[in-house]
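A.B. asks: here you go, sequence then predicted model.
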Amino acid sequence: MDTLGGWLNEIRFFYKRQVMLPLSPHAQALWHYLMWRANNVFWQFPLRLSLAEIAGGTKMSASMVKRARAELTKGGYILHEAFGGNKPAGYWVLSCIKPGMLLAPKGKLQDPKDIGKHNTRSDLQAGGE
């Protein structure tokens with residue numbers, strides 16, 4: 001993961017951000033779920049997860065997941081891209097230590113502009129599932 005201190009420091013800074021810009025409990029749960037899933041795949045993005053998979057993993061309804069996802073996207077915690085049809089959506093988790101930077105394997109902190117064909121954060125936020 002990131003050279004700035006990794007998983008535990010990201011969680012610590014996540015809660016520091018909550019003081020100024022608090023998230024709903026559902027958004028917090030979704031962020032932690034996405035962090036856990038990212039850790040399981042060694043921080044290789046995008047995380048390809050279906051809405052049903054996230055809803056089952058977080059014990060939330062699909063509509064709660066959508067609201068939490070929108071809240072995290074608006075707050076700059078994640079980037080989300082719907083690939084259309086029955087394809088699972090792509091998720092990128094952004095650093096809480098360096099807001100706006102993508103989390104990546106150690107030594108590979110990335111700028112969101114470097115994601116594939118996308119040039120802006122709004123490109124990734126477009127679309128829903």
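C.D. replies: Nice, thanks for sending it over.
A.B. asks: quick one: the residue lying closest to Ser95 once chain neighbours are set aside from Leu79, how far?
C.D. replies: Excluding its sequence neighbours, the residue lying closest to Ser95 (CB to CB, 6 or more residues apart in numbering) is Met101, at 4.6 Å. Quick note: C-beta positions are derived from backbone N, CA and C, even for glycine. Distance of Met101 to Leu79, given as CB to CB, to the nearest Å: 11 Å.
A.B. asks: remind me which residues of the chain are low pLDDT?
C.D. replies: Low-confidence segments of the chain (pLDDT under 70): 1-5, 106-129.
A.B. asks: and for it, the residue most distant from the center?
C.D. replies: Residue farthest from the centre of the chain, counting by CA atoms, centre = their mean, is Gly85 at 21.0 Å.
A.B. asks: am I right that that residue sits in a helix?
C.D. replies: No: read with DSSP: H, G, I helix; E, B strand; the rest coil, Gly85 is coil and lies in no helix.
A.B. asks: any idea how far it is from Arg37?
C.D. replies: Taking CB to CB, one finds Gly85 at 22 Å from Arg37.
A.B. asks: could you do Leu49 as well?
C.D. replies: 7 Å.
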